[in-house]
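S.K.: I'd like to go over a predicted model; first the sequence, then the structure.
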Amino acid sequence: MKLSAIPTTVRTTCPYCGVGCGVRAQVGQDGALAIAGDEAHPASQGRLCVKGSALGETVGLEGRLLSPMLRAGEGLHEASWAEALDKVAGGFRKIIAEHGPDAVALYVSGQLLTEDYYVANKFMKGYVGSANIDTNSRLCMSAAVAGHKRAFGEDLVPGCYEDFELADLVVLVGSNAAWCHPTLYQRIVRAKEARPGMRVVVIDPRRTATCDLADLHLPLKPGSDVWLFNGLLGYLATQGALDSAYVQAHTVGLGEALDAAGEAAFLAPGGREAALLDVARACRLDPQQLLAFYELFANTEKTLTAFTMGVNQSSSGADKVNAIINCHLATGRIGRPGMGPFSLTGQPNAMGGREVGGLANMLAAHMELDDPSQRAAVQAFWDAPRMADKPGLKAVELFRAIEEGKVKAVWIMATNPLVSLPDADQARRALEKCELVVASDIVLGTDTNQLAHVLLPALGWGEKDGTVTNSERCISRQRAFLSKPGQARPDWEIVCEVARRMGFSGFDFTAPQQIFDEHARLSNWQNGAGSQRRRVFDIGGLAGLGRAEYDALEPVQWPVRRQGEDTQRLFGDGRFAYPDGKARFVATRARLPAHLPDAEFPLVLNTGRVRDQWHTMTRTGRSVKLAEHVPEPFVDLHPQDALLCGVKAGELARVTSNWGTVVARVRHGGGIARGSVFMPIHWSGQTASDARVGAVVNPAVDPVSGEPEFKHTPVRVEPFGVHWYGFILSRAALPLREAANWTRIQGAGFVRYELAGRKPFADAAHWARKLLQVEDDDADWIELEDRNGGVYRAAHLVDGRIEACLFVSQRQDLPARAWLAQMFCKESLSPQDRSGLLSGRAREQGVDPGPTVCSCFGVGRDTIRIAIEQHGLKDAAAVTACVKAGGNCGSCVPEIRALLGEASIKAQ
Ligand SMILES: Nc1nc2c(c(=O)[nH]1)N[C@H]1C(S)=C(S)[C@@H](COP(=O)(O)OP(=O)(O)OC[C@H]3O[C@@H](n4cnc5c(=O)[nH]c(N)nc54)[C@H](O)[C@@H]3O)O[C@H]1N2
Ligand SMILES: Nc1nc2c(c(=O)[nH]1)N[C@H]1C(S)=C(S)[C@@H](COP(=O)(O)OP(=O)(O)OC[C@H]3O[C@@H](n4cnc5c(=O)[nH]c(N)nc54)[C@H](O)[C@@H]3O)O[C@H]1N2
Ligand code: SF4
Ligand SMILES: [Mo]
């Protein structure tokens with residue numbers, strides 16, 4: 001693909017996960033884009049994972065939203081910016097005039113840049129006068145935010161990535177870092193290689209790829225983390241492992257926390273063993289393993305406990321966070337090298353969004369909405385005409401209020417709520433009813449955009465400029481290196497345009513650097529003055545940067561109170577952000593998830609990520625390299641549960657909850673315990689007929705933070721009976737109304753559809769031609785039909801080149817897709833290729849590589865298996881030396897090791 005751009009190397013930051021790796025992007029003279037890791041970036045030191053490495057494949061303009069669009073009836077039509085902006089500003093103004101400021105809302109995203117986020121928040125909270133701006137971070141980080149604020153007095157992550165390397169014990173709770181924070185995980189891998197005495201414990205109901213590194217895996221019962229960490233606190237108390245001097249000097253509330261944790265049970269005569277058994281039972285863990293973890297924690301000073309969505313996305317999310325923090329406060333293990341609680345952020349700018357107060361219950365710059373003096377401070381700084389004076393609606397509440405007609409206009413930015421919200425069908429009903437739905441996105445075809453009345457084209461990664469903040473509070477620049485396509489504009493500019501049209505004065509920014517400057521100045525505005533709390537978030541040292549300095553800004557960790565300051569760790573001096581400087585223990589009482597399995601819905605649905613896709617696939621879905629690892633939506637369950645449900649691996653199953661239903665391919669091998677099933681979150685209405693998993697997820701939220709319980713929905717799984725299975729590879733995208741079920745992914749030069757049908761087809765040839773849109777009777781059409789066997793295969797060629805092929809069967813005997821895929825790379829097929837077409841493989845039998853394991857080098861499972869067998873390979877390094885797999889980002893090493901394990905079992 002050719003890109004028009006300034007031919008130079010630009011240092012920027014990856015737009016995916018919260019690790020925030022540095023990227024070097026180079027656009028060559030020929031327009032080709034080369035992506036490499038940035039050695040100078042402290043977060044990643046030159047490394048990129050497979051998603052980061054594939055960024056070059058995802059920046060093309062196909063499918064992009066490149067002009068503003070307005071809906072008229074069923075259709076969308078292009079509009080000028082003036083028309084579209086007037087429509088948004090006019091619509092908002094009218095609704096505010098008639099129904100008040102709380103009748104409008106913004107729903108934004110941790111994928112916005114800090115500058116975009118800042119102006120969106122200023123617009124709503126200072127000018128519209130409502131705090132109805134929430135963000136998809138509600139679905140992600142809000143439990144951690146609430147936990148931090150309760151414990152520390154402010155939303156602060158104490159440690160830094162180096163602590164993962166310095167720790168003697170790394171505990172990963174509800175985190176599949178091997179797939180979701182890959183380069184950081186690789187840092188732990190390398191640290192453990194260098195210091196084999198280092199211990200890693202993974203606490204996750206599933207045995208994930210992350211467990212590859214674990215000395216101990218605790219497959220706890222879903223939702224039982226508070227029991228586990230309360231038990232740990234009780235155990236530490238009985239072992240004399242608490243740091244009493246620290247607790248005395250720097251904390252408040254240990255007594256209540258110990259009471260809630262059930263310390264009494266531990267302290268009763270002979271109670272320790274009984275209490276341990278109780279905890280083990282509540283968490284469904286082996287008591288010996290539980291004790292092994294408790295002992296390890298008690299005896300290891302340098303302990304780091306990192307946690308992610310298995311903790312946050314729970315109806316007791318904030319309590320899970322505090323139960324973890326309690327154990328660190330009680331042992332004084334916080335703020336020093338190699339130790340502390342560590343909340344890993346999901347999105348690239350989850351942290352930046354919190355700095356600017358993007359959540360509906362926060363103000364800007366870590367100030368509080370319900371603190372009148374801070375509200376007044378922000379109002380004075382912004383010269384704001386109409387300050388919000390109470391918290392706004394949180395994501396799930398917001399979409400309910402939209403359905404109820406209380407919120408009549410919503411502007412959605414950089415998020416796809418129709419896919420990512422829980423009870424996603426409710427979100428659909430809400431938007432269908434909403435008077436004015438505005439969406440800013442970079443692509444046209446998303447489930448959410450289909451319901452928008454106004455579409456605003458935003459600049460994407462590589463085109464826009466600004467800053468993001470990663471999990472370790474490190475601010476880095478995202479820099480533009482591509483020219484602006486079509487009429488797309490940066491998100492901040494679009495917000496400012498609407499604000500100006502609504503008559504608001506504080507939005508005359510002309511560059512992101514001016515916004516960053518205002519943000520930096522606000523962060524130390526009245527900070528600690530008079531009765532004002534001294535806020536730790538302070539980047540006053542970055543105020544006043546000129547354009548060139550901003551452009552050249554090197555990664556820096558906040559707080560940056562003075563120029564040149566760079567803060568790796570917080571709380572090293574035992575001072576926290578509460579006015580008395582003391583941290584708070586939170587009394588966390590363990591409670592069950594909101595909805596429990598019963599006879600009708602006997603299994604628990606857990607949802608999460610796969611290695612090579614990002615959320616709703618609007619970007620990673622374009623990459624051929626990333627498509628192969630998991631080409632279809634799946635439901636992973638234990639073989640015994642599958643038997644009980646009457647479903648078989650490789651076939652389709654229906655997964656149903658009280659809220660909705662989806663269909664996906666049954667799989668085993670995801671390390672699932674009995675009683676649970678796992679589904680990935682990535683498929684939407686654009687990529688599958690029935691696999692938008694959000695529709696099934698229950699909308700229960702954590703009462704403290706409002707974070708939804710994405711990891712725990714009671715469901716039932718049943719066969720999705722079909723008459724036939726099939727697939728199509730086609731150069732052109734096809735409408736697939738005929739199939740009962742379809743999913744699609746991008747291949748090199750084709751789209752791959754997996755299909756299933758419920759009705760037998762009478763005239764297969766007629767049906768296939770219609771499906772592949774071949775109207776010409778004289779078309780070059782090869783076919784094979786076995787009517788009795790229920791098999792039909794066809795290929796359509798044009799001028800000797802394959803255009804499409806279709807394979808359908810009533811049996812499970814469809815050929816692998818790999819060889820057929822190669823045919824789409826050829827300008828013309830040889831006679832041998834042609835004669836192999838309908839068998840789906842070369843006439844001279846080659847080796848099918850199998851599903852991709854290593855996406856960096858495109859190495860398949862069977863290639864690796866055969867190499868292991870033929871060469872007697874014993875470890876991952878030998879596999880890499882032999883077939884390259886695992887030699888780049890290392891994300892597939894856990895899978896390679898699993899294959900080595902299988903081979904050694906087979907050999908025994
Ligand atoms: N490849 C990839 N990487 C990503 C993303 C992506 O889309 N794709 N998204 C990014 C974002 S925004 C986020 S938030 C992060 C998420 O990163 P992670 O949180 O690591 O990923 P998830 O797959 O959501 O869930 C993590 C684990 O929680 C476990 N879990 C479920 N229930 C429980 C429980 O009750 N207790 C415990 N202890 N564990 C439980 C699940 O089995 C799962 O393995 O990933 C980021 N990185
Ligand atoms: N069942 C279940 N659901 C979940 C989760 C789960 O674990 N289970 N996890 C939740 C979590 S942690 C998260 S973070 C969310 C993520 O969910 P979403 O935020 O809904 O997912 P994305 O696909 O990242 O959506 C980003 C959108 O922004 C667009 N975009 C990309 N760049 C830009 C830009 O520069 N400007 C603008 N305006 N648009 C842009 C993309 O095309 C895409 O449409 O999902 C949540 N939903
Ligand atoms: S680890 Fe995260 S930030 Fe780094 S390259 Fe991968 S997705 Fe991007
Ligand atoms: Mo997230």
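M.R.: Happy to help now that I have it. Ligands and ions are numbered 1, 2, ... in the order given.

S.K.: I'd like the mean pLDDT over stretch 887-900, please.
M.R.: Per-residue pLDDT values over stretch 887-900 give a mean of 90.

S.K.: try stretch 755-766
M.R.: Per-region confidence: stretch 755-766 scores 88 on mean pLDDT.

S.K.: likewise stretch 438-458?
M.R.: Per-residue pLDDT over stretch 438-458 has a mean of 98.

S.K.: What residues of that stretch count as buried?
M.R.: 438-444, 446-458 (16 or more other CB atoms under 10 Å). Where C-beta positions appear, they are placed from N, C-alpha and C, glycine not excepted.

S.K.: Quick one: end-to-end distance for that stretch.
M.R.: End-to-end distance for stretch 438-458, by CA to CA, to the nearest Å: 12 Å.

S.K.: Equivalent analysis for stretch 40-57, please.
M.R.: One end of stretch 40-57 sits 24 Å from the other (CA to CA).

S.K.: Distance from the chain centre to it, please.
M.R.: Taking CA atoms, centre = their mean, to the nearest Å, the mean C-alpha location of stretch 40-57 is offset from the chain mean by 17 Å.

S.K.: Flag every buried residue along it.
M.R.: When burial is assessed from 16+ other CB under 10 Å, stretch 40-57 yields the following buried residues: 41-44, 47-57.

S.K.: Excluding chain neighbours, what is closest to residue 815?
M.R.: Excluding its sequence neighbours, the residue lying closest to residue 815 (CB to CB, 6 or more residues apart in numbering) is residue 840, at 2.7 Å.

S.K.: so the one you found touches residue 819, yeah?
M.R.: Yes. Under the criterion of CB atoms under 8 Å, residue 840 is in contact with residue 819, at a separation of 6.4 Å.

S.K.: who are the neighbours in contact with the single nearest residue of the stretch 351-500 of the chain relative to ligand 3?
M.R.: Of all residues in the stretch 351-500 of the chain, the one sitting closest to ligand 3 is residue 470 (7.8 Å; CB to the nearest ligand atom). The neighbourhood of residue 470, defined by CB atoms under 8 Å, 6 or more residues apart in numbering, consists of 13, 18, 19, 20, 43, 345, 348, 351, 476.

S.K.: For the fourth one, give its distance to residue 43.
M.R.: Distance of residue 20 to residue 43, computed by CB to CB, to the nearest Å: 5 Å.

S.K.: Now the common contact residues for those two.
M.R.: When contacts are counted by CB under 8 Å, 6+ apart, residue 20 and residue 43 have 470, 474, 476 as shared neighbours.

S.K.: Dump the residues you listed into CSV; add pLDDT as well.
M.R.: As requested, those are arranged in CSV below (pLDDT from 0 to 100):
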residue, pLDDT
470, 98
474, 98
476, 98
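
S.K.: So which of these sit within helices?
M.R.: Secondary structure defined by DSSP state H assigns none of the shared contacts of residue 20 and residue 43 to helices.

S.K.: Kindly indicate which of those lies nearest ligand 4.
M.R.: Checking these against ligand 4 with CB to the ion, the nearest one is residue 470 at 13.2 Å.

S.K.: tell me the contacts of the closest residue to that closest one other than its chain neighbours?
M.R.: The spatial neighbour of residue 470 that comes closest, neighbours along the chain excluded (CB to CB, 6+ apart), is residue 20 at 2.9 Å. The neighbours of residue 20, taking CB under 8 Å, 6+ apart as the test, are 13, 14, 43, 44, 348, 468, 469, 470, 471, 474, 476.

S.K.: residues in this protein within reach of ligand 3, list them.
M.R.: Within the chain, the residues that sit near ligand 3 (CB under 6 Å from any ligand atom) are 14, 16-17, 19-21, 44, 48-49, 51-52, 182-183.

S.K.: do that again at 8 Å, thanks
M.R.: Selection of the chain residues close to ligand 3 by CB under 8 Å from any ligand atom yields 13-21, 23, 37, 43-44, 47-53, 181-184, 348, 470, 614, 889.

S.K.: Residue 254 against residue 585, yeah?
M.R.: Yes. Counting by CB under 8 Å, residue 585 is a contact partner of residue 254 at 5.1 Å.

S.K.: Which strand or helix spans residue 294?
M.R.: Under the criterion DSSP states H and E, the helix or strand holding residue 294 is helix 287-299.

S.K.: And for the helix or strand following that helix, what's in contact with it?
M.R.: Once the chain leaves helix 287-299, the next helix or strand it forms, by DSSP H and E, is strand 303-307. Outside of strand 303-307, the residues that reach it under the criterion CB under 8 Å, 6+ apart are 144, 159, 163-164, 167-175, 177, 297, 320-321, 324, 327-328, 331, 333, 338-344.

S.K.: chain center to strand 303-307, what's the gap?
M.R.: In terms of CA atoms, centre = their mean, the gap separating the centre of strand 303-307 from the centre of its chain is 20 Å.

S.K.: circling back to that earlier point, any chance of the contacts of residue 20 in CSV, with distance to residue 623 too?
M.R.: Formatted as CSV, these follow (distance: CB to CB, whole Å):
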residue, distance to residue 623
13, 19
14, 14
43, 23
44, 20
348, 17
468, 21
469, 26
470, 23
471, 24
474, 27
476, 23
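
S.K.: Please list only the buried members of the residues you listed.
M.R.: The neighbour-count test (16+ other CB under 10 Å) marks 13, 14, 43, 44, 348, 468, 469, 470, 471, 474, 476 as buried among the contacts of residue 20.

S.K.: Report the contact partners of the last one.
M.R.: Looking back up the chat, that one is residue 476. 13, 20, 22, 41, 43, 467, 468, 469, 470, 553, 555.

S.K.: Filter these down to the ones in helices?
M.R.: In helices, judged by DSSP H, none of these are found.

S.K.: Distance to ligand 4 for those residues - can I get that in TSV?
M.R.: TSV is the format used below for these (distance: CB to the ion, whole Å):
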residue	distance to ligand 4
13	17
20	14
22	21
41	21
43	17
467	19
468	14
469	15
470	13
553	25
555	22
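
S.K.: and these as a markdown table, adding distance to ligand 2?
M.R.: Formatted as a markdown table, the contacts of residue 476 follow (distance: CB to the nearest ligand atom, whole Å):
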| residue | distance to ligand 2 |
| --- | --- |
| 13 | 13 |
| 20 | 15 |
| 22 | 19 |
| 41 | 20 |
| 43 | 19 |
| 467 | 13 |
| 468 | 11 |
| 469 | 15 |
| 470 | 14 |
| 553 | 19 |
| 555 | 20 |
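
S.K.: quick one on the thing from earlier: which ones among the buried residues of stretch 438-458 map onto strands?
M.R.: Among the buried residues of stretch 438-458, the members found in strands (DSSP state E) are 438, 439, 440, 441, 454, 455, 456, 457.

S.K.: for those residues, which one is nearest residue 599?
M.R.: Of all those, the one with the least separation from residue 599 (CB to CB) is residue 439, at 41.2 Å.

S.K.: Just grab the bridge partners of that closest one for me.
M.R.: residue 412, residue 455 (DSSP bridges).

S.K.: Could you pull out the helices in the stretch 1-150 of the chain for me?
M.R.: 50-53, 81-99, 114-122, 142-152 (DSSP state H, counting those that start in this stretch).

S.K.: Mind putting those into JSON lines with distance to ligand 1 and mean pLDDT?
M.R.: Rendered in JSON lines, the data for those read as follows (distance: least, CB to the nearest ligand atom, whole Å; pLDDT from 0 to 100):
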{"stretch": "helix 50-53", "distance to ligand 1": "6", "mean pLDDT": "96"}
{"stretch": "helix 81-99", "distance to ligand 1": "27", "mean pLDDT": "98"}
{"stretch": "helix 114-122", "distance to ligand 1": "15", "mean pLDDT": "98"}
{"stretch": "helix 142-152", "distance to ligand 1": "10", "mean pLDDT": "98"}
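
S.K.: Great, nothing more from me.
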